[in-house]
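[1] This is a predicted model, with the sequence first.
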Amino acid sequence: MSKLKELEHLLTIGKITRRDFITRVAALGLVAAASPALMSTPAKAAIPKKGGHFIIGTTGGSTTDSMDPATLTSNMNQNLNWQIRNCLVEIDHNFNAIPELAESWGSTPDAKVWTFKLRKGIEFHNGKTMTAEDVIFSINHHLGEKSKSAAKAYLKSIENIKADGKHEVVFELTGGSADFPFILGDYHLTICPAGTEGLEWEKGIGTGGYILESWEPGVRAFSKRNPNYWKEGRAHFDEIETLSITDTNARTNALKTGQINYMDRVELKTVHLMKRMPGVNVTAITGTAHYTIPMRLDKSPYGDNNVRMALKLAVDREGLLKQILRGYGQPGNDHPIAPVNKYHAKGLEQRKYDPDKAKFYMKKAGMLDHTFNLHAADAAFAGAVDAAVLLKEQAKKAGININVVREPDDGYWSNVWMKKEWCMCYWGGRPTEDMMFSVAYSDGAPWNDTLWKNDRFNKLLISARAELDTDKRRKIYRDMQEICRNDSGTVVPMFNQMVEASSNKLAHGPISGHMALDGMRNGERWWFA
Amino acid sequence: MNTVLGLVVKRIGLGILTLMAISIIFFIGVEALPGDLAEEILGQNALPETVAAFRKELKLDLPPHERYVAWLGDLMKGDLGKSLANGRPVVDLVGWRFANTLFLAISAAVIAVPVAILLGIIAALYRNSLFDRAISMATLSAISFPEFFVAYILIALLSVQLIIFPSISNINDQMSFWQKIHAIVLPCLTLTIVVVAHMMRQTRAAIINILARPFIEMARLKGIQRTRVIVMHAFPNALSPVINVIALNLAYLVVGVVIVEVVFVYPGLGQLMVDSVSKRDIPVVQACGLIFASIYIGLNLTADVFSILSNPRLRNPR
């Protein structure tokens, strides 16, 4: 029996595939004993069937949500966004940039000028044909002085956008960027008809697989299949109802009683019970999302790398993983590049909990009597306060004193993060190494929450960005991960899995770890078997 | 009757002043919270320049008193303004939710008030009997549990185990009246269980208080049956405090049910107010606040009017 438990665990944490699991369980003669939720996999190779009324229960929806692509703040409107709209580029489950509204693209050899060829004859839901004008409008919506867009920070490299005829858009960048197409796959950068403004955003006119029928923020959205959808083999449901269910128990009960077919954010404390529910599949996907504990290097004593090293060594990652994530995650190695990222450095030694070494470094820094204030609120991530308290106990073994300062959830991102010297933080991660490092680790980046400044790292970042040769890039990114691991001001204790549950009547292809809810595209990627 | 009319006019005037004061308190309260809408919406993705652009577009860069006066000016013209977060008119956000809130509150009251009064009368009638103790204990236990606990127990029993009622009550316009009623049975029951105790205890206490009076003794001595003494003689004289407690509980059913709304995913006014406060969406907060305050003021006034009407001495003052 213990062998079976182990296999189930390996499957749920993603170490083995479902197919491996079934084969191995069958080899053990344990099919009857295995959890039906894990065995009852819909045939992945099956041809998708059309039809059905798909109901998603999402977390985080608020009555203040908007469908303006500049401010898509919750799982609910991010998911809805990709039901009804498309980007130029899609990021697939292997973290490749594949064509969406752009049919192809190319760049100059220095990766500074990018030309995107648009698909022809694509119609918006209101019948208007999509052209370069709409694309330029949609990108410019996030730029410029009046922009209130959350995407502004990573579009700064765009110097100029122009149309070349009706079906080509040319982006001129301030510097070479080999990963530029990935940026255009960001969920904010969906294409909307030129001239959309104000309340028109809420109508949700796009080119997507579903047409928005009604939308009440923080409550419910209802969309119907777009009969004109241009994408082959996608958008199979007749209708999708997207519900905001913030309470985890309410989501769980609704799934159990069949009132919804899909839920995000399963409660990890009770996931083992959920797996036993008949008719429910639990999926656990490793993505780029991770927890961080940034220290501000401009504040004493975090400027001293001995202190940073000591604090990094004083964290028992395995312990946190077990206690906070119940095993649904992977230990972090003090850099933000996830195992699923293309250039993740596999050979890099995993940092382990080492109280003696931590004590050694802290002594070297002469800071053994110092009390470190660690600011925490569950707004950072679910369980952040518990994690901080665990960390305090772990560090105590190294003779390091940590004082956990509880902060209010309310206003955490504006008043604590980037303001206090050491705090809990969360990153959804980015599909490419360049985006992740540029946005939060490079010198001068607006969200460089540690104010870390490493000249070699910054130089490597720029050289890797313009480098089109994969092997060279791999090497550079490996070095950067190592520098980050050993010098930066962030503890990256773990990568959390996205644990979600769905009715076993649903079928799907490989699930993406790019974002929650199958890369926020379960509406067009899933179907009723 | 003139006294009643005078009272109503006077109280409505005072009520309007109270509402003004409340709107100022709400405004100051939301202003005093750290951060503003731009920071709350952008969260971790905020840049100084995007926050500034956001503020400028929504005129959040103006001083608070100017914004308040502008809001008040619009209100005088009958315009509640627009949500800062998504530009929707506040009326559209509040209207149907308020109707939903009232629907749930009235449904709960229709069950809770008669049950509470009946139980109260029976408890007074059989004072100190096993029955009296049993209902006291049951209702007091129910009031001692947090609402969400009662809600989860009901869901576990009636939705998950027995599959009679849905576990989420997200009613919408496509549903018929009876479908809606079916959908809200569990939240309605939860609220009933929570509010019955208070009203029932008050009814019982008020009646028992009256029972000590000489005219009750007189009635008894005349040989009138115990039930008749309580229902016809004691209860009408005990109405005044009972009405006040009912009014308080009705107000609670409208303004205090946000937890029940969250657990049952019921689209009411409470969730709107909580979300708007946490995002600092002042026009929406103000609208919700004014509605809630009006409910309190209105119900208190109604309670006083009924107290007067139920009491001959107050009805015909000499």
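    Noted; the coordinates are in hand.
[2] If we go by neighbour counts, what in stretch A:74-84 is buried?
    For stretch A:74-84, burial by neighbour count (16 or more other CB atoms under 10 Å in any protein chain shown) applies to A:Ser74, A:Asn75, A:Met76, A:Asn77, A:Gln78, A:Asn79, A:Leu80, A:Asn81, A:Trp82, A:Gln83, A:Ile84. Where C-beta positions appear, they are placed from N, C-alpha and C, glycine not excepted.
[3] part of a helix, is A:Ala501?
    No. Using DSSP: H, G, I helix; E, B strand; the rest coil, the assignment for A:Ala501 is strand, not a helix.
[4] Just say helix, strand or coil for A:Lys359.
    helix.
[5] What is the neighbour count of it?
    Neighbour count of A:Lys359, defined by other CB atoms under 10 Å in any protein chain shown: 19.
[6] wouldn't it be in contact with A:Met367 here?
    No. Using CB atoms under 8 Å, A:Lys359 makes no contact with A:Met367, being 10.8 Å away.
[7] overlap in contacts of those two?
    A:Ala310 (CB atoms under 8 Å, 6 or more residues apart in numbering or on different chains).
[8] Chain A contacts on the stretch 151-300 of chain B?
    Selection of the stretch 151-300 of chain B residues close to chain A by CB under 8 Å from any CB of the partner chain yields B:152, B:155, B:159-160, B:163, B:166-168, B:170, B:172, B:262-265, B:267, B:271-272, B:275-276, B:278-279, B:281, B:284.
[9] now these: which count as buried?
    By 16+ other CB under 10 Å, those give B:152, B:155, B:159, B:166-168, B:170, B:172, B:262-265, B:267, B:271-272, B:275-276, B:278-279, B:281, B:284 as buried.
[10] Show only the entries of these found in helices.
    Within those, residues falling in helices by DSSP state H are B:Tyr152, B:Val262, B:Val263, B:Gln271, B:Leu272, B:Asp275, B:Ser276, B:Ser278, B:Lys279, B:Val284.
[11] Go ahead and confirm the second one touches A:Thr246.
    Yes. Applying CB under 8 Å, one finds B:Val262 in contact with A:Thr246, separated by 6.4 Å.
[12] ok, the residue lying closest to A:Met480 once chain neighbours are set aside to A:Phe180 distance?
    In space, and not counting its chain neighbours, A:Met480 is closest to A:Leu460: 5.1 Å by CB to CB, 6 or more residues apart in numbering or on different chains. Using CB to CB, to the nearest Å, one gets 18 Å for the distance from A:Leu460 to A:Phe180.
[13] okay, the two: which has more neighbours?
    A:Phe180 (24 against 19).
[14] need the contact list for the more buried one.
    A:Ser107, A:Ala111, A:Trp114, A:Ser157, A:Phe171, A:Leu173.
[15] can you tell me the average pLDDT over the strand or helix carrying B:His65?
    Under the criterion of DSSP states H and E, B:His65 resides in helix B:64-76. Over the span of helix B:64-76, the pLDDT mean works out to 91.
[16] Alpha carbons only: can I get that helix in CSV?
    Extracted in CSV, the C-alpha atoms of helix B:64-76 (Å, rounded to 0.1, in the frame of the first residue of the first chain):
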residue,chain,number,x,y,z
PRO,B,64,-10.4,65.7,0.0
HIS,B,65,-12.8,68.6,0.9
GLU,B,66,-13.1,69.5,-2.8
ARG,B,67,-13.9,66.0,-3.7
TYR,B,68,-16.5,65.7,-0.9
VAL,B,69,-18.2,68.9,-2.0
ALA,B,70,-18.3,67.8,-5.6
TRP,B,71,-19.8,64.5,-4.6
LEU,B,72,-22.4,66.2,-2.4
GLY,B,73,-23.3,68.6,-5.2
ASP,B,74,-23.9,65.7,-7.5
LEU,B,75,-26.0,63.9,-4.8
MET,B,76,-28.2,67.0,-4.5
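[17] Might you enumerate the residues of the stretch 1-150 of chain B proximal to chain A?
    So the stretch 1-150 of chain B meets chain A at B:33-35, B:38-51, B:53-54, B:56-57, B:83, B:85-88, B:93 (CB under 8 Å from any CB).
[18] Filter these down to just the ones in strands.
    Of the residues of the stretch 1-150 of chain B next to chain A, none are assigned to strands by DSSP state E.
[19] which of these count as buried?
    Buried by 16+ other CB under 10 Å: B:35, B:38-47, B:50-51, B:53-54, B:83, B:85-88, B:93, out of those.
[20] dump the residue contacts of residue 235.
    Picking chain A for this. For A:Ala235, the contact set (CB under 8 Å, 6+ apart) comprises A:Gly208, A:Gly209, A:Tyr210, A:Arg225, A:Asn226, A:Tyr229, A:Gly523, A:Glu524.
[21] meant chain B actually
    So B:Phe235 contacts B:Ile121, B:Ile207 (CB under 8 Å, 6+ apart).
[22] same check, this time on the one 10 residues further on
    Contacts for B:Val245 (CB under 8 Å, 6+ apart) come out as B:His198, B:Met199, B:Gln202, B:Thr203.
[23] In JSON lines: these, plus distance to B:Leu7 and secondary structure.
    Below are the contacts of B:Val245 laid out as JSON lines (distance: CB to CB, whole Å; DSSP: H, G, I helix; E, B strand; the rest coil):
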{"residue": "B:His198", "distance to B:Leu7": "26", "secondary structure": "helix"}
{"residue": "B:Met199", "distance to B:Leu7": "24", "secondary structure": "helix"}
{"residue": "B:Gln202", "distance to B:Leu7": "23", "secondary structure": "helix"}
{"residue": "B:Thr203", "distance to B:Leu7": "25", "secondary structure": "helix"}
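[24] can you pull the buried residues of stretch B:92-100?
    Within stretch B:92-100, the residues that qualify as buried are B:Leu93, B:Val94, B:Trp96, B:Arg97, B:Phe98, B:Asn100, counting by 16+ other CB under 10 Å.
[25] Any chance you could list what contacts that stretch?
    So stretch B:92-100 is contacted by A:63, B:80, B:83, B:171, B:266-269, B:272, B:284, B:287-288, B:291 (CB under 8 Å, 6+ apart).
[26] Could you rerun that using 10 Å?
    For stretch B:92-100, contacts defined as CB atoms under 10 Å, 6 or more residues apart in numbering or on different chains pick out A:63-64, A:216-219, B:80, B:82-83, B:85-86, B:89, B:101, B:169, B:171-173, B:180, B:184, B:254, B:261, B:266-273, B:276, B:281, B:283-284, B:287-288, B:290-292, B:295.
[27] Going through the residues you listed, which ones are buried?
    Buried among the contacts of stretch B:92-100 (16+ other CB under 10 Å): A:63-64, A:216-219, B:80, B:82-83, B:85-86, B:101, B:169, B:171-172, B:180, B:184, B:254, B:261, B:266-273, B:276, B:281, B:283-284, B:287-288, B:290-292, B:295.
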